[in-house]
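Colleague: coords please:
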Amino acid sequence: MNFKYVMMACALTLGFASCSNDDAVDNSGIIPNGEPTVARIKLSQVAGPKTRGIEEAVDGEAIVKNATVFIFDAGAKLEATVTLSNTEASTGKVVEITTGSHYFYAAVNAIADVPTSFPVGTPLATVKQTVLGCATLGDLTKDDGFFMTNVSDALAKNIVESDKPDGSDNPVEIKVGRAVAKVNVALTADVKNGKEVAGGKFTNMSYKMGGNPNKMYLFPVYESGVFKTPFYSDIYAAANYYGDAAYRADGTPGYVIENANAKVIKQGEATHALVKGTFTPDGKTEGVDFWRIYNASTKLWEDGIYYNIGDAKTAANYPTDQETMKIVEYAGGVCYYAFWVADKNAADLYAVSRNNYYDIKIETVSKIGTNQEDGDKDIDNEYIEPSNPPVEPGDPIEEEKNTVKVSINVLDWTVVETGVGL
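Modeller: All right, here's what the predicted structure looks like:
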């Protein structure tokens, strides 16, 4: 089981269970705050300089320019806000603090919506559930430093009385990670060579991600071990989600915003990939044009693939039967598919968490996709009925109708390796 999801089911007070201190403690193991003292606060990135232990963080993924640390007292109320420079984040900064139990959150390379401070006494829950606008990924993934935060709950630590001015008796190391998830989609060799493709081979794949919420919480929010995001329980509204503007090449990673929804969700509100590529029927040259015939009466595809428009028209008795026998062209063999990013170790199957790396392999292609991104169109530029677009945003995800098959292995560093079939 993914360790993170187990930990999120526990109360913050468990962070103090193994701590010892001569001061009086309450029944939860929390030490009341008392005398002034000092602590040394520094940051480290989860899994060192790597993105979830799967690949080396590059460029802005690993850069820390500055940070804001929010310090909460034993009652989970804001006690102080501290800023760290790049150097201080790495080597540590001595800060004044009180003895007793504390919680720590850090926001690194903060985006515009992150408050520079909150009033002293603000509850921890209020701070972590501050809603940030993220209508584009650009602000979260800047070349000069990605937005980063704690990737689980607040760091809990007991602070002791000390006469050492360097804070060495109270070292506080806050682990942070990128506030977005990283996704990479690639074809397996068996798909490219046709071994795992029904009736042909699938090549020249590119993809783009969709289902990005345009809001997120400042820090991760878990309720009874369940990961929550601002739209978790909301009725689906297309205006709350967006996707990539352009396709990216096979094996080229991108980023998505954390996302979680109740179990019965719409296709448009779950994080998904729209896949474009070239389907080449068996025995044909890659990129060949071909045509198929859709029977609007039976709502089934007729047998046969045609390699010139004349043969397709003859077989469909076109134009006499054009209302019933729909001729669909695949120019250059280009077709489209979709799949939804799933994590079987999460409390909700389609939850996507910050600082996870989703390494996705397309392992099988079971049929020819649609000839347009938004569904099949015939040679008269009319949608067939049903047009069956790869993504129907307002419809529920129906796994029995979805040709995508997902296998997930969640490793110690919350790497999510996914294999899918189209």
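Colleague: rest of the way, CA atoms for contacts and neighbours
Modeller: Fine.
Colleague: wait, what's in contact with residue 265?
Modeller: 236, 396-397 (CA atoms under 8 Å, 6 or more residues apart in numbering).
Colleague: List the residues that contact residue 372.
Modeller: 335-336, 389.
Colleague: rerun that using 7 Å as the cut-off
Modeller: 335-336 (CA atoms under 7 Å, 6 or more residues apart in numbering).
Colleague: cool, the one 3 residues further on as well?
Modeller: By CA under 7 Å, 6+ apart, residue 375 lies in contact with 387-390.
Colleague: Tell me the spacing between it and residue 188.
Modeller: Computed as CA to CA, to the nearest Å, the residue 375 to residue 188 distance reads 25 Å.
Colleague: what does residue 227 give?
Modeller: Taken as CA to CA, the span from residue 227 to residue 188 is 31 Å.
Colleague: Which residue of those two possesses the greater neighbour count?
Modeller: More crowded of residue 227 and residue 188, by other CA atoms under 10 Å: residue 227, with 23 against 15.
Colleague: all helices for the stretch 301-422 of the chain, in order.
Modeller: 309-316 (DSSP state H, counting those that start in this stretch).
Colleague: Quick check, residue 182 in contact with residue 255.
Modeller: Yes - assessed by CA atoms under 7 Å, residue 182 is found in contact with residue 255 at 4.5 Å.
Colleague: of the contacts of residue 375, buried ones?
Modeller: The neighbour-count test (16 or more other CA atoms under 10 Å) marks 389-390 as buried among these.
Colleague: Same question for stretch 79-99: list its buried residues.
Modeller: The neighbour-count check on stretch 79-99 (16+ other CA under 10 Å) flags 79-86, 88-90, 92-95, 97-99 as buried.
Colleague: Inside helices: which ones of the residues you listed?
Modeller: 86, 88-90 (DSSP state H).
Colleague: Export those as a markdown table, with columns for pLDDT and distance to residue 266.
Modeller: Putting these into a markdown table (pLDDT from 0 to 100; distance: CA to CA, whole Å) gives the following:
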| residue | pLDDT | distance to residue 266 |
| --- | --- | --- |
| 86 | 94 | 42 |
| 88 | 97 | 45 |
| 89 | 95 | 41 |
| 90 | 93 | 43 |
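Colleague: nearest to residue 121, of those residues?
Modeller: Ranked by distance to residue 121 (CA to CA), these are led by residue 89 at 24.7 Å.
Colleague: which residues does that closest one contact?
Modeller: Counting by CA under 7 Å, 6+ apart, residue 89 makes contact with 42-43.
Colleague: Just want to check the distance between it and residue 323.
Modeller: Distance of residue 89 to residue 323, computed by CA to CA: 68 Å.
Colleague: so how far is residue 326 from the residue of the chain positioned farthest from its centre?
Modeller: Residue farthest from the centre of the chain, counting by CA atoms, centre = their mean, is residue 320 at 49.4 Å. The spacing between residue 320 and residue 326, counted by CA to CA, is 11 Å.
Colleague: what do you get for residue 394?
Modeller: With CA to CA as the criterion, residue 394 and residue 326 are 26 Å apart.
Colleague: now residue 176
Modeller: From residue 176 over to residue 326 (counting by CA to CA), the distance is 55 Å.
Colleague: So between those two, which is more surrounded?
Modeller: Between residue 176 and residue 326, counting by other CA under 10 Å, residue 326 is the more crowded of the two (28 against 23).
Colleague: and the gap between the nearest residue to residue 66 once chain neighbours are set aside and residue 325?
Modeller: The shortest distance from residue 66 to any non-neighbouring residue, by CA to CA, 6 or more residues apart in numbering, is to residue 85 (4.6 Å). Between residue 85 and residue 325 the computed distance is 68 Å (CA to CA).
Colleague: Hmm, residue 71 is touching residue 79, no?
Modeller: Yes - under the criterion of CA under 7 Å, residue 71 makes contact with residue 79 at 5.6 Å.
Colleague: now do the same end-to-end measure for stretch 192-211.
Modeller: Using CA to CA, the end-to-end distance of stretch 192-211 comes to 27 Å.
Colleague: can you pull the contacts of the residue nearest to residue 131 when sequence neighbours are not counted?
Modeller: Closest residue to residue 131 apart from its sequence neighbours, by CA to CA, 6+ apart: residue 217 at 4.7 Å. Each residue near residue 217 by CA under 7 Å, 6+ apart is listed here: 128-132, 229-230.
Colleague: if we take those residues, which one ends up nearest to residue 355?
Modeller: Lowest distance from residue 355 to the contacts of residue 217 (CA to CA) belongs to residue 229, with 14.8 Å.
Colleague: May I see the domains of this structure written out as residue ranges?
Modeller: 3-177, 182-421 (automatic domain parsing).
Colleague: Going by mean pLDDT, which of those domains comes out lowest?
Modeller: Mean pLDDT is lowest for domain 3-177 among the domains of the chain, at a mean of 84.
Colleague: The stretch 101-250 of the chain: helices as residue ranges?
Modeller: 124-128, 189-192.
Colleague: in the shortest one, what counts as buried?
Modeller: Taking 16+ other CA under 10 Å as the neighbour-count basis, helix 189-192 is seen to contain the buried residues 191-192.
Colleague: what does it rub up against?
Modeller: 196-197, 201-203, 363-364.
Colleague: Mind telling me what element residue 44 is part of?
Modeller: Residue 44 is part of strand 36-45, with elements assigned from DSSP states H and E.
Colleague: from the ones in helices among the buried residues of stretch 79-99, which is closest to residue 312?
Modeller: Closest to residue 312 out of those is residue 86 (65.5 Å), distances taken as CA to CA.
Colleague: Tell me if I'm right that the closest one and residue 68 touch.
Modeller: No - look at residue 86 against residue 68 with CA under 7 Å: they stay out of range, at 11.1 Å.
Colleague: Quick check: residue 273 touching residue 208?
Modeller: Yes - shown here, residue 273 and residue 208 form a contact pair, counting by CA under 7 Å, at 5.6 Å.
Colleague: Neighbour count: these two, which is higher?
Modeller: Of the pair residue 273 and residue 208, residue 273 is the one with more neighbours under other CA under 10 Å, namely 24 against 19.
Colleague: Within the helices and strands, which one has that one?
Modeller: Assigned by DSSP H and E, residue 273 belongs to strand 272-281.
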